[in-house]
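Enquirer: Dropping a prediction and its sequence here:
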Amino acid sequence: MEKYENMLKQLQNGELNSIEIEKEQFYEFREVLVKHPLFKHFRGEAKQNGRVIYTYLEIPRS
């Protein structure tokens, strides 16, 4: 879980452009993501085979 928190922090700080989460990691990652105080700033885009690419938005989604 701490690994995912660090990944989100790096994404938020601009150290990473995106995070790619595989289908097997999704539920564990999502558990951390929804508890994040800036949850609405993260955008997930579904790809083939259950992969999701997350990016950080300066303006939160509605």
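Expert: Great, that's in hand. Please read all numbers here as calculations on a predicted model, not as lab measurements.
Enquirer: the helices in the protein, which residues?
Expert: 2-13, 26-35 (DSSP state H).
Enquirer: Looking at the ones you listed, which is nearest to residue 49?
Expert: When the helices of the chain are compared by C-beta to C-beta, helix 26-35 sits nearest residue 49, at 11.5 Å. All C-beta spots, glycine's among them, are computed from the backbone N, C-alpha and C.
Enquirer: What residues are recorded as beta-bridge partners of the residue positioned nearest the centre of the chain?
Expert: Computing the C-alpha centroid of the chain and ranking residues by C-alpha atoms, centre = their mean puts residue 54 first, at 4.4 Å. In this entry, residue 54 is beta-bridged to residue 19, residue 44, by DSSP bridges.
Enquirer: Might one say that it is in contact with residue 12?
Expert: No - look at residue 54 against residue 12 with C-beta atoms under 8 Å: they stay out of range, at 10.7 Å.
Enquirer: and residue 55, how far is that from residue 46?
Expert: Look at residue 55 and residue 46: by C-beta to C-beta, to the nearest Å, they are 13 Å apart.
Enquirer: Kindly apply the preceding question to residue 26 instead.
Expert: 10 Å.
Enquirer: okay, residue 55 and residue 46: which has more neighbours?
Expert: residue 55 (14 against 9; other C-beta atoms under 10 Å).
Enquirer: per-residue confidence at that one?
Expert: Listed pLDDT for residue 55 reads 98.
Enquirer: quick one, what contacts it?
Expert: For residue 55, the contact set (C-beta atoms under 8 Å, 6 or more residues apart in numbering) comprises 11, 17-18, 42-43, 45.
Enquirer: now those as CSV including pLDDT and neighbour count?
Expert: Formatted as CSV, the contacts of residue 55 follow (pLDDT from 0 to 100; neighbours: other C-beta atoms under 10 Å):
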residue, pLDDT, neighbour count
11, 98, 18
17, 98, 10
18, 98, 11
42, 98, 19
43, 97, 14
45, 98, 10
